[in-house]
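[1] prediction below, plus the sequence it came from.
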Amino acid sequence: MRLILIFTLLAFQSNTADATCGLPHYLGQPKPALAKSNKVTFLTKQLRFSLGMTENNAVSENFALHWGTLPLSEDEVSTMLASAEEALEKFEAMGLPTITGSNEYLINIYVVPTAEDIGGAAGVAWVDSEGYPFMRVNGNLFDTSPGYMEHTIPHELMHLIQLSTNADFNFGSGWLWESTAETATAAVLPEDDFYFAFYGPFAVTPEYPLTSYRFDLADDNPAGSRHYGAGIYFQHLIENENVDELLFRLWSAETIPSSPTDHISSILDEDGLMFDKTVARFAAHQAFYDITNGDELQRRALAYAAATPAYENLSTAFLSSQIGTFFEVTQKTPQRLGYNTIGLEVGVEPRRYLWDGPTGAQATLVVKRFDDITYHPFQESASGAWYADYEFQGDELAMAISVVNLSVVGAARYSIEVAAAGSVPPKSSEPDTSLVVAGGGCNSREETLPSALLLLLILLGLKRGFASNVG
Ligand SMILES: [Zn+2]
């Protein structure tokens, strides 16, 4: 237990700060210059104020909490400081950058009465006029969302670390800031009730780019908050692609490139991974929530969909796939780095799934059984036309095709036809048995495809009887 001192003082200086502080509000504005950090480590950190002293203040080893006249209980004050200390300890252990000035000064946390005071957010982070990062949080969370304060503080603390780097916050990188703040929070609180709290908005808008950032906290606009839920992609990299020290590698660079996707690509390249392929495997893993706490994420996605009228049919969105069924998904064609998941009916007769999509899209057949989930990517080809034969084994629980638009600018159209196996003669007599399903999640298995046993993926050739378009 770290010592927490509470002191009450009359504010001797008025709070002259802007009414709104925080990342979203400063979009388009340059980040203020950071204070010069010196290398001295102070045994006792000093108190300084970002927005002035307030009536009530408390300090712990590394933080100073200021809550004015809000009726916070001693427990609530302790909870906030303990959350901050726990998160800081974890981030330090991960080797993340030191928050500017925090070797000398306590890190300021200001508590505001309502979300309206900080643009509708639970918390916001910014740099004060002297160049020191600080955060503001909504004290009302204790009443309106019990447990959410403990989630919000690590999230904002990660922003203070990000603010202490050279990285810019703008529409191009806002999703990286927010999504990785959620991944960082999950590292601190893996059992948190609010684990990837915004997974719902992300899950119902998969066709948007992974990198989408459209800040808007309105309840009926999932696209406006999906960027928080996008942190599940980084969780996939950690869990299913075995990328070590990911947050450290993303945020500790001396100079963080202005293109987040270039930055991620170069980090993955060091591990022999291709960014696009990881996105394709990530999308396929989302078909049946194949990731730690997947059951909870599924529950969250379905609950969010049920509560959001435009998305209430998510639970029945899996399409029927009788033989002869032809899909051409035009309503929500995936944009670049977006995806669709199409549910397939589990049956008894052999099936052939005919896929015709643009080059630069990737389709993966996903099969869920009692014990595992297997992934079978359709081989990319010049024409994008492929088929997969599938013979049911009888123990399948569910099947889906995950389609990702990896490189087509705009939205990628594709079509999938369900036929009886053998109804389309292969162009080549040589089955491609070289496919190895990459990845391998917490309960998935890697599978080299034998010639005729489960799945045969054969290049069809140039012409299929149905159209593919690139929009
Ligand atoms: Zn944030």
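    Perfect, I can see it now.
[2] any idea how far whatever residue of the stretch 201-350 of the chain ends up closest to the ion lies from Lys368?
    In the stretch 201-350 of the chain, the residue that lies nearest the ion is Tyr228 (7.1 Å; CB to the ion). Where you see a C-beta, it was placed from the backbone N, CA and C, and this is true even at glycine. Separation of Tyr228 from Lys368 (CB to CB, to the nearest Å) stands at 27 Å.
[3] and Ala310, that one's in a strand?
    No. Ala310: not assigned to a strand; according to DSSP: H, G, I helix; E, B strand; the rest coil it is helix.
[4] mind listing what it touches?
    Contact analysis of Ala310 by CB atoms under 8 Å, 6 or more residues apart in numbering lists Asp220.
[5] does Leu273 touch Asn240 like I think?
    No. The criterion here is CB atoms under 8 Å, and Leu273 misses it with Asn240 at 11.0 Å.
[6] so between these two, which is more surrounded?
    Asn240 (22 against 19; other CB atoms under 10 Å).
[7] the ion contacts on the protein?
    Glu178, Ala181 (CB under 5 Å from the ion).
[8] now the helix ranked longest in the chain: average pLDDT?
    Under DSSP state H, the helix in the chain containing the largest number of residues is helix 74-93. Helix 74-93 comes out with an average pLDDT of 98.
[9] which helices and strands sit right next to that helix?
    Helix 74-93 sits against strand 56-59, strand 63-66, strand 107-112, helix 148-163, helix 174-188, with contacts defined as 3 or more CB pairs under 8 Å, 6 or more residues apart in numbering; DSSP states H and E.
[10] how far away is Gly394 from the ion?
    Distance, Gly394 to the ion, using CB to the ion, to the nearest Å: 47 Å.
[11] so that residue, which state does it fall into?
    On the basis of three-state DSSP, Gly394 is classed as coil.
[12] which residue packs closest to it, ignoring adjacent ones?
    Excluding its sequence neighbours, the residue lying closest to Gly394 (CB to CB, 6 or more residues apart in numbering) is Val348, at 7.6 Å.
[13] pretty sure that neighbour is touching Phe392, no?
    Yes. Using CB under 8 Å, Val348 makes contact with Phe392 at a distance of 5.4 Å.
[14] returning to that earlier point: can you add mean neighbour count and mean pLDDT and give the helices and strands packed on helix 74-93 back as TSV?
    Putting those into TSV (neighbours: other CB atoms under 10 Å; pLDDT from 0 to 100) gives the following:
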stretch	mean neighbour count	mean pLDDT
strand 56-59	20	95
strand 63-66	25	97
strand 107-112	24	97
helix 148-163	25	96
helix 174-188	24	95
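[15] how about Ser265, phi and psi?
    phi -60, psi -40 (degrees, to the nearest 10).
[16] was I right about Gly384 contacting Leu354?
    No. At 11.5 Å, Gly384 does not count as touching Leu354 under the criterion of CB under 8 Å.
[17] so what's Ala280 up against?
    Gln362, Thr364, Pro377, Ser402, Val404, Leu406.
[18] ignore what I typed, I meant Tyr195.
    Ala186, Leu189, Asn293, Glu296.
[19] mind running it again at 7 Å?
    Ala186, Asn293, Glu296 (CB atoms under 7 Å, 6 or more residues apart in numbering).
[20] the ion versus the residue lying closest to the second one once chain neighbours are set aside, what's the distance?
    Counting by CB to CB, 6+ apart, the nearest residue to Asn293 once its immediate chain neighbours are dropped is Tyr195, at 5.7 Å. Between Tyr195 and the ion the computed distance is 16 Å (CB to the ion).
[21] which residue is the nearest non-sequential neighbour of Ala301?
    Ala203 (3.6 Å).
[22] and the strands in the stretch 101-250 of the chain?
    107-112, 123-127, 133-138 (DSSP state E, counting those that start in this stretch).
[23] pLDDT on the second one, on average?
    Going back to what we said before, that points to strand 123-127. 93.
[24] and it, what does it pack onto?
    strand 133-138, helix 148-163 (3 or more CB pairs under 7 Å, 6 or more residues apart in numbering; DSSP states H and E).
[25] nearest to Ala87, out of the ones you listed?
    helix 148-163 (3.7 Å; CB to CB).
[26] run the angle between that closest one and strand 123-127 for me.
    20 degrees (axes from the mean of the first three to the mean of the last three CA atoms, to 10 degrees).
[27] only alpha carbons, please: show helix 148-163 as PDB.
    This file holds the C-alpha atoms of helix 148-163, laid out as PDB (Å, rounded to 0.1, in the frame of the first residue of the first chain):
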ATOM      1  CA  TYR A 148     -15.300   2.400 -15.100                       C
ATOM      2  CA  MET A 149     -13.000   4.900 -13.200                       C
ATOM      3  CA  GLU A 150     -10.500   2.100 -12.700                       C
ATOM      4  CA  HIS A 151     -10.600   1.500 -16.500                       C
ATOM      5  CA  THR A 152     -10.400   5.200 -17.400                       C
ATOM      6  CA  ILE A 153      -7.300   6.100 -15.400                       C
ATOM      7  CA  PRO A 154      -5.000   3.600 -17.100                       C
ATOM      8  CA  HIS A 155      -6.400   4.600 -20.500                       C
ATOM      9  CA  GLU A 156      -5.600   8.300 -19.800                       C
ATOM     10  CA  LEU A 157      -2.200   7.500 -18.300                       C
ATOM     11  CA  MET A 158      -1.300   5.700 -21.500                       C
ATOM     12  CA  HIS A 159      -2.200   9.000 -23.300                       C
ATOM     13  CA  LEU A 160       0.200  10.900 -21.000                       C
ATOM     14  CA  ILE A 161       2.900   8.500 -22.200                       C
ATOM     15  CA  GLN A 162       2.000   9.000 -25.800                       C
ATOM     16  CA  LEU A 163       1.900  12.700 -25.300                       C
END
